[in-house]
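A.B. asks: Need a 3D model of the following:
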Amino acid sequence: MRNVHFYFGALLLLPALASAQSMFEGTWRPDAQRASPTAELESLELIDGAYACHSCSPPYKIQADGRDKAVAGNPHYDTVSISVVDERSVRKTVKKGGKTVADMKDVIAADGSSRTETQTVTGMMPQPVEVTTTYSRVVAGPKGSHSISGQWREIQTDLTNHEEDTTYKVRGKTLTMADRIGRSFSATLNGTDAPYKGDPQYSSVSVKLIDARTIEESDKKDGKIVQINRWSIDPDGTTMHARFDDTHGHIQEQMGHKVP
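C.D. replies: Predicted coordinates:
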């Protein structure tokens with residue numbers, strides 16, 4: 001009876017697989033991540049050689065002399081260094097256990113209304129990546145302060161060099177994924193485990209065809225599911241909706257588009 005149900009189900013999926021091949025085939029690029037309009041404003045102050053981040057968790061204040069300063073209470077870093085490049089630029093480096101976590105440069109527009117932060121982040125992906133975040137000014141800083149001072153609203157964040165561009169291929173009942181970071185897998189669309197390569201966070205993966213335009217991916221470490229991703233393609237064939245569930249109550253949603 002199990003074999004009968006298996007082959008019957010496989011026959012039903014054949015049209016969907018053909019459709020999946022045409023829908024998922026190609027290279028996809030995540031859209032820039034738009035910040036929530038209700039997110040907390042970033043509050044910074046740089047005056048008289050001292051830099052303060054009032055909105056950081058926890059807040060801190062250090063001398064902007066380019067030297068590492070101990071900052072306690074944040075699990076992601078334990079030292080911060082601030083250097084003033086010029087009247088519109090500031091460099092910031094954060095470390096954890098002596099190792100650089102992120103190296104950032106903030107540049108404020110000539111009219112002072114916007115700010116662009118470019119940072120090289122280590123540890124977020126298998127290799128360092130450059131991330132660009134843009135902000136708009138909400139409140140000016142105090143008189144005599146550096147132009148980075150004031151309150152800022154985050155607008156969007158994106159990978160500068162688009163390392164997350166992902167190419168999918170569907171051949172028969174097998175989905176192959178490869179991205180520019182070096183992550184890849186090739187798995188059948190029936191939930192069978194397959195090796196996940198290029199990312200130490202995962203050792204295996206399984207994928208299921210939910211319908212002609214939706215695939216569910218379960219990333220695993222030593223057989224345990226650590227993240228569930230669902231990819232859905234709009235009828236236009238060029239827009240993708242992604243949903244990431246870390247299995248601990250944190251869900252992130254993002255859109256992407258097919259690269260011409």
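A.B. asks: My guess is residue 208 contacts residue 188. True?
C.D. replies: No - look at residue 208 against residue 188 with CB atoms under 8 Å: they stay out of range, at 9.6 Å. Where you see a C-beta, it was placed from the backbone N, CA and C, and this is true even at glycine.
A.B. asks: Roughly how far does residue 175 sit from residue 162?
C.D. replies: Going from residue 175 to residue 162 by CB to CB, to the nearest Å gives 21 Å.
A.B. asks: So if I had to pick from those two, which one is more boxed in?
C.D. replies: residue 175 (26 against 14; other CB atoms under 10 Å).
A.B. asks: Could you say which helix or strand holds residue 44?
C.D. replies: Taking DSSP states H and E as the definition, residue 44 sits inside strand 42-47.
A.B. asks: brain fart, residue 257
C.D. replies: With elements taken from DSSP H and E, the one containing residue 257 is strand 251-258.
A.B. asks: tell me what that strand is packed against?
C.D. replies: Here strand 251-258 touches strand 26-30, strand 239-245, going by 3 or more CB pairs under 8 Å, 6 or more residues apart in numbering; DSSP states H and E.
A.B. asks: just the angle between it and strand 239-245, please?
C.D. replies: 160 degrees (axes from the mean of the first three to the mean of the last three CA atoms, to 10 degrees).
A.B. asks: what comes up buried for strand 251-258?
C.D. replies: 256, 258 (16 or more other CB atoms under 10 Å).
A.B. asks: Now do it: everything it contacts.
C.D. replies: 26-31, 33, 237-245 (CB atoms under 8 Å, 6 or more residues apart in numbering).
A.B. asks: angle of that strand against strand 26-30?
C.D. replies: 130 degrees.
A.B. asks: mind showing which ranges of this structure have poor pLDDT?
C.D. replies: Confidence mapping of the chain against pLDDT under 70 gives the ranges 1-22.
A.B. asks: So which residues of it form helices?
C.D. replies: 2-24 (DSSP state H).
A.B. asks: re earlier: name every strand pairing with the strand holding residue 44 and say which way it goes.
C.D. replies: Taking DSSP bridges as the criterion, strand 42-47 sits next to strand 50-53 (antiparallel), strand 150-159 (antiparallel) in its sheet.
A.B. asks: The last one: which residues count as buried?
C.D. replies: This points to strand 150-159. Buried-residue list, strand 150-159, by 16+ other CB under 10 Å: 150, 151, 152, 153, 154, 155, 158, 159.
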